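In: this one's structure only:
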């Protein structure tokens, strides 16, 4: 048997473990926030601590990788939204895709890890794409007056959590899982509808600044 053939099963297993670790990290972060532990992530993924550390030298490195993948998904969803023929469908579809993916679930670790050059570049691209989506919807007259790109990003982050779905899952009430998922989709649809231009009431307060993201992610050791 050639070295390549002997290596293939090990490589496939490593890739499966990596996918499991990343998914587990998202789920543990959603439940435990910044207190998410490496042990909890490894246990949820069904792999040993050693396997985790062979792939990621530190918890920070794991979270940085998770951040890059999250930004990749965000930017792909935004590009798909911009490619949509209808500006409203493009914007709404982007928001829903991000919420369903769990975009914003990394918010609890903001300021606890170093933002790498790759993360920074992808974030800059993400702000450009969301700004383009919002401008396109505004120019088409389908976006509620006063809504900004930061508003849309904050809405996605706020919709990431679903307490009743998580509670039912923890309680083991699997018979209610589908009803909970449908209810969540309805809530998201109601929230997204608030972005439509049919709502002409002025939004409260001043438009939020992008500093809510950039300064929150600036690392603060200790």
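Out: Okay, I see it. Note that the structure is a prediction, hence the values are computed from the model and not measured.

In: Closest to the centroid, which residue in this structure?
Out: residue 103 (1.6 Å; CA atoms, centre = their mean).

In: quick one, what contacts residue 74?
Out: Residues counted as contacts of residue 74 (CB atoms under 8 Å, 6 or more residues apart in numbering) are 98, 103, 126. Where C-beta positions appear, they are placed from N, C-alpha and C, glycine not excepted.

In: now do residue 161
Out: Residue 161 touches residue 30, counting by CB under 8 Å, 6+ apart.

In: Please, which helix or strand holds it?
Out: If you go by DSSP states H and E, residue 161 is not part of any helix or strand.

In: any idea how far the residue nearest to the centre of the chain is from residue 140?
Out: As judged by CB to CB, to the nearest Å, residue 103 and residue 140 stand 24 Å apart.

In: same thing with residue 111?
Out: For residue 111, the distance to residue 140 - CB to CB - is 37 Å.

In: same deal with residue 110?
Out: Distance of residue 110 to residue 140, given as CB to CB: 33 Å.

In: And for residue 60?
Out: 42 Å.

In: what's the longest helix along the chain packed up against?
Out: Counting by DSSP state H, the longest helix found in the chain is helix 3-32. Counting contacts by 3 or more CB pairs under 8 Å, 6 or more residues apart in numbering; DSSP states H and E, helix 3-32 packs against helix 38-45, helix 49-55, helix 59-83.

In: Buried residues in stretch 101-113, which are they?
Out: Under the neighbour-count criterion of 16 or more other CB atoms under 10 Å, stretch 101-113 has 101-107, 109-110, 113 buried.

In: Fine, thanks again, bye for now.
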